[in-house]
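# Output the structure for:
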Amino acid sequence: MKIRAFRALRPAEDMVEQVASVPYDTINSSEARELADGKPYSFLHVIRPEIDLPEGIDVHGDSVYAKAAENFQKFQQDGALIREETPCLYLYRQKMGEHVQRGIVACCNVEAYDKGLILKHEKTRQDKEDDRTMHVKTLEANAGPIFLTYRDSASIDELIATVEQEKPLYDLVSADGVGHTVWCISATSELIEAFESVPCTYIADGHHRSAAAARTAREMAAVNPNHTGNEEYNWFQTVLFPATQLNILPYNRSVHDLNGLSEAEFMKAVQGKFNVEETDESVPTSACAVNMYIGGKWYALTWDLPQSDDPVEALDVSYLQNNLLSPVLGIDDPRTSTRIDFVGGIRGTEALAKLVDSGKGAVAFSMAPVSVEQMMDIADADRIMPPKSTWFEPKLRSGLLVHTLGEES
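Predicted structure coming up:
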């Protein structure tokens, strides 16, 4: 892997708590408006620019992207974002309760993505890829970092431990109680060299942003008669975390209706495909298990491990999809179906019960989390996981460090 230092745009030290925001894809427009209310320098004005335009506007309209660029420029003009004087790498540490993860903020090359050295485990949707590409091209910047992971390296761990003893650039606690600490690394050569021994990385979160970065590079190269391959648009911002430090939570499911079945008919169909027992537990306690909530009760659904060499088929979410969601509930394509909701594990299983009890869902499914090793095995096999299989916590803050495509490193 080749990584590169960059001259980040970053908040002035006394502005960081005002600027840093939740990622664009963890909230909707109304939630973004509420979070940014009274906060003129929240980075949500850049990554959710529709909040500064009339409600109901097409969030993919040209005026929305133009507003993002306008706000981005204003942040720089007003000194909310300042330019790093020299190219640097950064250490980004997050603490959520007892969990700690430490990643290196650096730029990776789109060539590595195109050649499969940055491995994927999800399909992208064209509309979302179009949106992120337009956002990157309009801003000429990567407004949100891409979350990558790699199999642990002792040499990188040692270098990180040394940096961690120094005084941080930023040290803040977000509203959700997560600690975010950033160190600037001006002496970059040892880390860059250490990453050369990493054979590949894996996208943990940010498939659409990765695809958009590669597409933007191709489009900008096509109109640059002097393209050399070393331009800043050939690089995109990432945070690289060692795999053993990652924290994957389950991605649960709620289905709006029973596909025309009565509750009794549905339960009979479930019993024909699973071992079913009523339980007081809302979270699966073993492999090959899903807990289901319906009619005010939790049920444990279990099955025997499928006899297959396919790492995708071994996933609980695959078994649920192939044996219940599709044949019984008619959710043939969960990527496009409007009859299913995906509920991040950070919200807990109480959110599932609440959806069903309120009538917004007919049945809900509590999943066990996928392991990092399963995710990497599937990517190594060039396979695709079912949609919404992984939920990573804690989330990276946006606006802490921004890579611009025109700056010369």
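# So which residues of the stretch 151-300 of the chain form strands?
For the stretch 151-300 of the chain, the strands defined by DSSP state E, counting those that start in this stretch occupy 170-173, 179-185, 201-205, 235-242, 248-249, 251-255, 275-279, 289-294, 297-302.
# repeat for the stretch 1-150 of the chain
3-4, 9-11, 81-83, 89-96, 99-109, 118-119, 141-142, 146-150.
# so which of these comes closest to residue 272?
Closest of the strands of the stretch 1-150 of the chain to residue 272 is strand 118-119, at 37.8 Å (criterion: Cβ to Cβ). Heads up, the C-betas are built off the backbone N, CA and C, glycines and all.
# Give me the sheet partners of the closest one and which way each runs.
strand 201-205 (parallel) (DSSP bridges).
# so what are the domain limits for this structure?
Following automatic domain parsing, the chain resolves into domains at 3-245+394-404, 248-389.
# Redo the ones you listed as JSON lines? Include mean pLDDT.
Formatted as JSON lines, the domains of the chain follow (pLDDT from 0 to 100):
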{"stretch": "domain 3-245+394-404", "mean pLDDT": "96"}
{"stretch": "domain 248-389", "mean pLDDT": "94"}
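# do you know which of the strands of the stretch 151-300 of the chain lies nearest residue 388?
strand 251-255 (4.6 Å).
# who touches the closest one?
Outside strand 251-255, the residues within contact range by Cβ atoms under 8 Å, 6 or more residues apart in numbering are 317, 320, 325, 329, 331, 339-345, 349, 351-352, 355-356, 360-367, 388-391.
# can you put the strands of the stretch 1-150 of the chain in a markdown table and add distance to residue 406?
Output for those, formatted as a markdown table (distance: least, Cβ to Cβ, whole Å):
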| stretch | distance to residue 406 |
| --- | --- |
| strand 3-4 | 15 |
| strand 9-11 | 11 |
| strand 81-83 | 12 |
| strand 89-96 | 20 |
| strand 99-109 | 14 |
| strand 118-119 | 23 |
| strand 141-142 | 9 |
| strand 146-150 | 19 |
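# re earlier: can the domains of the chain go into a markdown table with extra columns for mean neighbour count?
What follows is these, written out as a markdown table (neighbours: other Cβ atoms under 10 Å):
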| stretch | mean neighbour count |
| --- | --- |
| domain 3-245+394-404 | 18 |
| domain 248-389 | 17 |
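# and stretch 355-366, how far from the chain's centre?
Mean-position distance between stretch 355-366 and its chain equals 25 Å (Cα atoms, centre = their mean, to the nearest Å).
# Just the endpoints, please. Distance across that stretch?
13 Å (Cα to Cα, to the nearest Å).
# who's in contact with that stretch?
Contacts for stretch 355-366 (Cβ under 8 Å, 6+ apart): 250, 252-258, 266, 282-284, 290-294, 296, 298, 320, 329, 341, 343, 349, 352-353.
# same question, stretch 258-269
Outside of stretch 258-269, the residues within contact range by Cβ under 8 Å, 6+ apart are 276, 294-295, 328-330, 362-363.
# Go again with 6 Å.
Contact with stretch 258-269 is made by 295, 328-330, 362, as judged by Cβ atoms under 6 Å, 6 or more residues apart in numbering.
# can you pull out the strands in the stretch 301-409 of the chain?
So, for the stretch 301-409 of the chain - with DSSP E, counting those that start in this stretch - the strands run 340-344, 363-366, 391-392, 403-404.
# Give me the sheet partners of the last one and which way each runs.
If you go by DSSP bridges, strand 403-404 pairs up with strand 141-142 (antiparallel).
# Can I get the strands of the stretch 151-300 of the chain in a markdown table including distance to residue 133?
Formatted as a markdown table, the strands of the stretch 151-300 of the chain follow (distance: least, Cβ to Cβ, whole Å):
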| stretch | distance to residue 133 |
| --- | --- |
| strand 170-173 | 29 |
| strand 179-185 | 27 |
| strand 201-205 | 16 |
| strand 235-242 | 12 |
| strand 248-249 | 28 |
| strand 251-255 | 25 |
| strand 275-279 | 46 |
| strand 289-294 | 36 |
| strand 297-302 | 40 |
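# For residue 35, which non-adjacent residue is spatially closest?
For residue 35, ignoring the flanking residues on the chain, the nearest one in space by Cβ to Cβ, 6 or more residues apart in numbering is residue 44 at 6.1 Å.
# What lies in contact with stretch 27-40?
For stretch 27-40, the external contacting residues (Cβ under 6 Å, 6+ apart) are 42, 44, 48, 50-51.
# Can you tell me which of these is nearest residue 165?
Using Cβ to Cβ, these come closest to residue 165 at residue 42, 31.9 Å.
# quick one: residue 355 from residue 293, how far?
Noted for residue 355: a distance of 9 Å to residue 293, by Cβ to Cβ, to the nearest Å.
# where does the closest residue to residue 301 other than its chain neighbours fall, phi/psi-wise?
Using Cβ to Cβ, 6+ apart and skipping residues adjacent in sequence, the residue nearest residue 301 is residue 274, 4.1 Å away. For residue 274, the backbone dihedrals (degrees, to the nearest 10) come out as phi -140, psi 160.
# Is it correct that residue 274 is in contact with residue 304?
No: contact between residue 274 and residue 304 fails when scored by Cβ atoms under 6 Å: they sit 10.4 Å apart.
# Please name the bridge partners of residue 102.
Here residue 102, judged by DSSP bridges, has bridge partners residue 93.
# wouldn't it be in contact with residue 93 here?
Yes: if you go by Cβ under 6 Å, residue 102 and residue 93 touch, sitting 4.8 Å apart.
# one step back: ok, the residue nearest to residue 35 touching residue 21?
Yes: here residue 44 lies in contact with residue 21, judged by Cβ under 6 Å, at a distance of 4.7 Å.
# from the middle of its chain, how far away would stretch 244-255 be?
11 Å.
# ok, now stretch 43-58?
On Cα atoms, centre = their mean, the centre of stretch 43-58 falls 21 Å from that of its chain.
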